[in-house]
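Visitor: Let me see the structure of the following:
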Amino acid sequence: MAAAAPSPISARSWRRGTDGGAAVLLGNGGNVTNGAPNVTTALIKDDTFATDIGIEVNNAAGTVANYGIVSGGYGIFLRAGGAVTNANGASVTGQYEGIIVSTTSTASVTNLGMVLGIGTARNTGAGSVGVRLAGNGTVINGSNAVTTATIQADERGSGGTLARGLGIDIDSFGTLVNYGTARGTRVGAELFAGGNATNGPGGARSALLAGSYFGVYIGASATIASAITNFGAITRSALAGSASASRIRQTTQ
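Guide: Numbering: from 1, shown residues only. This next block holds a predicted model:
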């Protein structure tokens, strides 16, 4: 899906693996559990190429629970929707995207550990995303008891992918609840088609949304009002051009 007019955060496409590589592949939905609360060294890894995938679930909804380590060109890729839970102390790392859930129905990601989009030396300037819902859904980062949860994108991108470098990206109307840190080299959190973002609920005053262009950006929804509720910090660092710590794009009738 592409925006009709250029926006600072408008990239809406992803790369499909060209070599078909995945450490774990479920061809028709299903569940993957990596490790357990007392087994945090469990490892699923396929990052030889930037287009490889750690865990991939196709054709039907998938559920992933990670207590250990997942790594890939894409860390976790649910192509037909579903839910991902990343436990406290667990990590998911992707070169392009840490976690991506592609769906036309509601998807969810709950992170209590660390999710990183680190970029790739094999395609410098391609940019990265920490967590992406390519549809509508909910991202919960941390909890009242776990404020160290982190979602981060380390590569901003250049040229046609200048819009990347998103800590969290929800393509359709979405909900974000952040107790920890969501940081992007360009945008901390983006709700591209509108939604509601709450930063630091329940006394989580250390909650942070940070980016070099926007801390949080909420795009326009034609039918539903959007809102940002902040109890923590929403920040941006200096970058040439018009920018702000937070922005809600107004609906055009």
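Visitor: now the residue lying closest to Ser172 once chain neighbours are set aside: how far from Ala182?
Guide: The shortest distance from Ser172 to any residue that is not its chain neighbour, by C-beta to C-beta, 6 or more residues apart in numbering, is 3.8 Å, and that residue is Asn136. Just so you know, the C-beta spots here come from the backbone N, C-alpha and C atoms, and that holds for glycine as well. In this view, Asn136 and Ala182 are 18 Å apart by C-beta to C-beta, to the nearest Å.
Visitor: Quick check on these two: which one has the bigger neighbour count.
Guide: Between Asn136 and Ala182, Ala182 has the larger neighbour count (other C-beta atoms under 10 Å), namely 34 against 20.
Visitor: Show me what the more buried one bridges to in the sheet.
Guide: Ala182 has these beta-bridge partners by DSSP bridges: Ile151, Leu209.
Visitor: Equivalent analysis for Gly94, please.
Guide: Bridge pairing for Gly94 - DSSP bridges - gives Gly72, Gly117.
Visitor: got a list of what it touches?
Guide: Residues in contact with Gly94, defined by C-beta atoms under 8 Å, 6 or more residues apart in numbering, are Gly54, Ser71, Gly72, Gly73, Tyr74, Gly75, Ile76, Ile100, Leu116, Gly117, Ile118, Ser128.
Visitor: quick one: which of those is nearest to Ala107?
Guide: Nearest to Ala107 out of these is Ile100 (C-beta to C-beta; 9.7 Å).
Visitor: Pretty sure the closest one sits against Leu78.
Guide: Yes. Look at Ile100 against Leu78 with C-beta atoms under 8 Å: they come within range, at 7.3 Å.
Visitor: which one of those two has more residues nearby?
Guide: More neighbours surround Leu78 than the other of Ile100 and Leu78, with 29 against 25 (other C-beta under 10 Å).
Visitor: buried residues in stretch 22-36?
Guide: Within stretch 22-36, the residues that qualify as buried by neighbour count (16 or more other C-beta atoms under 10 Å) are Ala22, Ala23, Val24, Leu26, Gly29, Val32, Asn34, Gly35.
Visitor: I meant stretch 54-66, not that one.
Guide: Residues of stretch 54-66 classed as buried: Gly54, Ile55, Glu56, Val57, Asn58, Ala61, Gly62, Thr63, Val64, Ala65, Asn66 (neighbour count, 16+ other C-beta under 10 Å).
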